[in-house]
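Novice: got a sequence here, can you build the structure:
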Amino acid sequence: MSVQKVRGAEQLRTRLICATLAGITMRVDNIREREESPGLRLHEASVLRLIEKVTNGCTVEINETGTRLKYKPGVVIGGSGLFHDCGTSRAIGYFVEPLIILALFGKKALSITLQGITNDDKDSCVDTLRTTTLPLLKRFGVTTEGLELKILKRGAPPLGGGEVLLKVPTVTKNLTAINWTDEGMVKRVRGVAYATRVSPQMANRMVDSARGVLNRLLADVYIFTDHYKGNESGKSPGYGLSLLAETTTGCLISAERAAVASRDADAEPRNDERSGGGLVLPEDVGSQAAQQLLEEVKAGGVVDFTHQGLLLLLCALCPEDVSKVRLGRLSPNAIRTLRTIKEFLGVQFNIQAEPSTGTVMLSCVGSGCKNLSRKIT
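Specialist: Residues are numbered from 1 along each chain as shown. Sure, this is the predicted structure:
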């Protein structure tokens with residue numbers, strides 16, 4: 001079996017997904033060799049343990065310094081009653097994003113409980129995953145039955161303590177190629193303002209601030225407040241806002257902001273255009289989230305910056321048919337994802353810029369990835 005050799009820890013999650021679904025052994029060299037603390041980070045090692053739990057027959061070899069990794073994929077099994085502690089160096093969203101793609105091609109439907117940080121300023125929060133990421137899968141023919149992300153406990157940094165239940169069904173054979181080029185006009189905005197271990201007024205103040213920005217442009221704005229206390233509120237105080245703009249063509253554009261306590265973690269900054277701001281006033285959190293949502297809508301495209309990489313990867317995993325999507329300005333993460341897709345799956349996108357709208361049209365012929373694990377009855 002040929003071995004795909006890559007360098008550095010960049011795009012590790014995407015590389016693991018592609019290597020697993022393509023059945024390619026991967027070797028990663030020079031993982032932060034020249035940094036003060038070389039080798040894999042805690043959250044990267046945790047992702048590898050998570051993949052071991054949902055697959056059968058995979059092998060992971062790491063050298064003593066953690067600067068070299070060899071990954072031989074197994075068969076994706078899925079299953080129910082699984083549990084994984086995500087730790088506190090990265091949020092649960094960091095682990096859910098690769099997990100939902102792998103679970104689609106599993107032998108059994110996946111049901112797993114994840115513990116850790118549910119909302120922070122680095123990764124997609126569980127509210128965005130529930131309202132935007134999972135509905136995106138429906139575009140590719142994934143059934144809505146058994147597709148769920150349930151928030152059991154909230155958990156803010158630095159101590160976490162959150163808990164979610166993720167359920168992902170399998171695809172019968174393969175995904176469905178898409179032609180998704182019309183972003184439409186925004187018709188309504190929904191959102192969730194959450195607060196843990198702080199006054200419930202924090203959530204109300206964020207809602208008032210966000211509505212102060214959005215109601216100038218749109219009347220149909222409704223933001224839910226979600227206050228947690230007691231055992232369901234995790235171990236640290238925090239608050240934040242997740243917004244979702246729905247367009248006339250069914251596109252879902254998300255933006256979020258979180259105010260969290262500082263933490264000493266070995267995590268890199270997030271790979272998209274959004275960044276949190278530490279402990280700030282609830283009014284600032286609300287207005288910043290609303291402004292970020294307007295920026296996402298202004299950029300154009302059928303998804304926001306955060307979901308560009310996921311959308312491109314799903315297109316590459318489609319059958320050998322043409323998929324076509326419209327995106328706004330490509331994020332650095334999306335560009336790196338395009339390179340990884342070409343490297344592992346052999347899928348190359350045709351990219352056409354449209355200066356009149358400031359958007360980019362991307363099309364590709366899928367790799368024809370099939371769910372060979374699932375029994376056909």
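
Novice: other residues contacting the host helix or strand of Glu343?
Specialist: Assessed by DSSP states H and E, Glu343 sits inside helix 332-345. Contacts to helix 332-345, defined as C-beta atoms under 8 Å, 6 or more residues apart in numbering, come from residues 4, 6, 10-11, 14-15, 18-19, 22, 24, 26, 271-272, 305, 308-309, 312-313, 316-317, 327, 347-349, 367, 369. C-beta coordinates here come from the backbone N, C-alpha and C atoms, glycine included.

Novice: report the buried residues of stretch 45-57.
Specialist: 45-48, 50-51, 54-55 (16 or more other C-beta atoms under 10 Å).

Novice: rewinding a little: quick check: what element follows the helix holding Glu343 along the chain?
Specialist: Where DSSP H and E defines the elements, the next helix or strand beyond helix 332-345 is strand 350-354.

Novice: returning to that earlier point: now the angle from the helix holding Glu343 to strand 350-354?
Specialist: Per axes from the mean of the first three to the mean of the last three C-alpha atoms, to 10 degrees, the angle that helix 332-345 makes with strand 350-354 is 160 degrees.

Novice: that's a helix at Thr14, yeah?
Specialist: Yes. Assignment of Thr14 by DSSP: H, G, I helix; E, B strand; the rest coil places it within a helix.

Novice: the closest residue to it other than its chain neighbours: neighbour count?
Specialist: Spatially, and ignoring its direct neighbours in sequence, Thr14 is nearest to Thr340 (4.8 Å; C-beta to C-beta, 6 or more residues apart in numbering). Neighbours of Thr340 under the rule other C-beta atoms under 10 Å: 23.

Novice: and the spatially most central residue of the chain, its phi and psi?
Specialist: Nearest to the mean C-alpha position of the chain, by C-alpha atoms, centre = their mean, lies Glu97 at 3.8 Å. Main-chain dihedrals, Glu97, degrees, to the nearest 10: phi -60, psi -50.

Novice: thinking it is in contact with Ser124, fair?
Specialist: Yes. Between Glu97 and Ser124 there is a contact at 7.0 Å, judged by C-beta atoms under 8 Å.

Novice: give me the common contacts of these two.
Specialist: Thr133.

Novice: residues touching the residue nearest to the centre of the chain, list them.
Specialist: 13, 124, 129, 133, 310.

Novice: burial measure for Gly286, as a count.
Specialist: For Gly286, using other C-beta under 10 Å, the count is 29.

Novice: who touches the helix ranked longest in the chain?
Specialist: Secondary structure of the chain per DSSP state H: the longest helix is helix 282-299. Helix 282-299 has contacts (C-beta under 8 Å, 6+ apart) with 186, 189, 191, 193, 202-203, 205-214, 217, 239-243, 245, 253-259, 273-274, 277, 280, 304-305, 328-329, 358-359.

Novice: how about a cut-off of 7 Å?
Specialist: Where contact means C-beta atoms under 7 Å, 6 or more residues apart in numbering, the residues beyond helix 282-299 that reach it are 186, 202, 205-210, 213-214, 239-241, 243, 245, 253, 255-257, 259, 274, 277, 304-305, 328-329.

Novice: once you drop chain neighbours, what's closest to Ala210?
Specialist: Gly286 (3.9 Å).

Novice: can you tell me how far the one you found is from Lys298?
Specialist: 19 Å (C-beta to C-beta, to the nearest Å).

Novice: per-domain residue ranges of the chain.
Specialist: 3-175, 180-299 (automatic domain parsing).

Novice: can I get these in TSV including mean pLDDT and distance to Ile335?
Specialist: Listed next are the domains of the chain as TSV, based on pLDDT from 0 to 100; distance: least, C-beta to C-beta, whole Å:
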stretch	mean pLDDT	distance to Ile335
domain 3-175	95	10
domain 180-299	87	10
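
Novice: using a markdown table, lay out the ones you listed together with distance to Asp321.
Specialist: As requested, the domains of the chain are arranged in a markdown table below (distance: least, C-beta to C-beta, whole Å):
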| stretch | distance to Asp321 |
| --- | --- |
| domain 3-175 | 10 |
| domain 180-299 | 14 |
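
Novice: can you tell which of those is closest to Ser323?
Specialist: domain 180-299 (8.1 Å; C-beta to C-beta).

Novice: filter the contacts of helix 332-345 down to the buried ones, PyMOL style.
Specialist: One line in PyMOL is enough to select the buried ones among the contacts of helix 332-345; burial here means 16+ other C-beta under 10 Å:
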select buried, resi 4+6+10+11+14+15+18+19+22+24+26+271+272+305+308+309+312+313+316+317+327+347+349+367+369
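
Novice: which of the contacts of helix 332-345 fall in strands?
Specialist: Mapping the contacts of helix 332-345 onto strands (DSSP state E) picks out 4, 6, 26, 327.

Novice: which residue ranges of the stretch 1-150 of the chain form strands?
Specialist: Assigned by DSSP state E, counting those that start in this stretch, the stretch 1-150 of the chain shows strands spanning 3-7, 25-29, 55-56, 59-62, 69-72, 75-76, 79-85, 110-116, 148-153.
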